[in-house]
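Visitor: Build me a model:
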Amino acid sequence: MAADLALVTVLVHLLVDLVASDNIDFYNLMPAVEATPYPKSFKCFTCEQASDNYSCNRWAEDVWCPQNTQFCMTIHHFYHHGKTKFVTKRCAVHEECQLAGCRHHKNTHHECVSCCEGMVCNVELPTNHSNAVFSPRQTHSSAAPTFRNWDTVILLTLLTGLLPL
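Guide: This next block holds a predicted model:
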């Protein structure tokens, strides 16, 4: 009995480590199964002037984009030495995505804007002209589970098999 309890304790600690916020894989997010508000609806990471990309993605609102939008936009303001000033992410229309690219704002900071198409596709931050682009197709797929997802499934299966009902 003590050995079972020790094993359950170890497995619980491993499971907690797997789902800790430091281990979030933003590329393999699967939205909850729910009715979509309209055909071809989608979600974007959304935040307003977050302190950094991780905070924005971690605490992004989970809302459907309005029907008149087609893309996810990321606006990255950063200082000359590369440190992030703030990040804004939201749903966008085609005309707004024409602003994709990088600009200098006087001598205070840089701004890079990118747009993408697809469910929560705006994971990364644009930092230069090569990634501050308007890409109309999603580049990462959420369809296949990662090895880490299977680790979690296996641990949960083991835990539920060891715990008394």
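Visitor: where in this protein is pLDDT low?
Guide: Judged by pLDDT under 70, the chain has its weakly predicted residues at 1-34, 138-165.
Visitor: Now do the contacts for His129.
Guide: Residues near His129 by Cβ atoms under 8 Å, 6 or more residues apart in numbering: 101-102. Backbone N, C-alpha and C define where each C-beta goes, glycine included.
Visitor: Tell me which stretches of this protein form strands.
Guide: 47-50, 71-78, 84-92, 101-105, 109-116, 134-135 (DSSP state E).
Visitor: Next, count neighbours for the nearest residue to Pro66 once chain neighbours are set aside.
Guide: Using Cβ to Cβ, 6 or more residues apart in numbering and skipping residues adjacent in sequence, the residue nearest Pro66 is Cys91, 6.2 Å away. Using other Cβ atoms under 10 Å, Cys91 has 21 neighbouring residues.
Visitor: Can you name the residues bridging to Cys91?
Guide: Cys72 (DSSP bridges).
Visitor: which parts of stretch 73-88 are buried?
Guide: Residues 73-78, 84-88 are the ones in stretch 73-88 that count as buried (16 or more other Cβ atoms under 10 Å).
Visitor: re earlier: same list (the strands of the chain) but as TSV, adding distance to Glu124.
Guide: Shown next, in TSV, are the strands of the chain (distance: least, Cβ to Cβ, whole Å):
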stretch	distance to Glu124
strand 47-50	14
strand 71-78	8
strand 84-92	11
strand 101-105	14
strand 109-116	8
strand 134-135	11
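Visitor: For Tyr38, find the nearest of these.
Guide: strand 84-92 (13.0 Å; Cβ to Cβ).
Visitor: quick one: Arg137 and Phe71 touch, right?
Guide: No: Arg137 lies out of contact with Phe71 (Cβ atoms under 8 Å); the separation is 10.7 Å.
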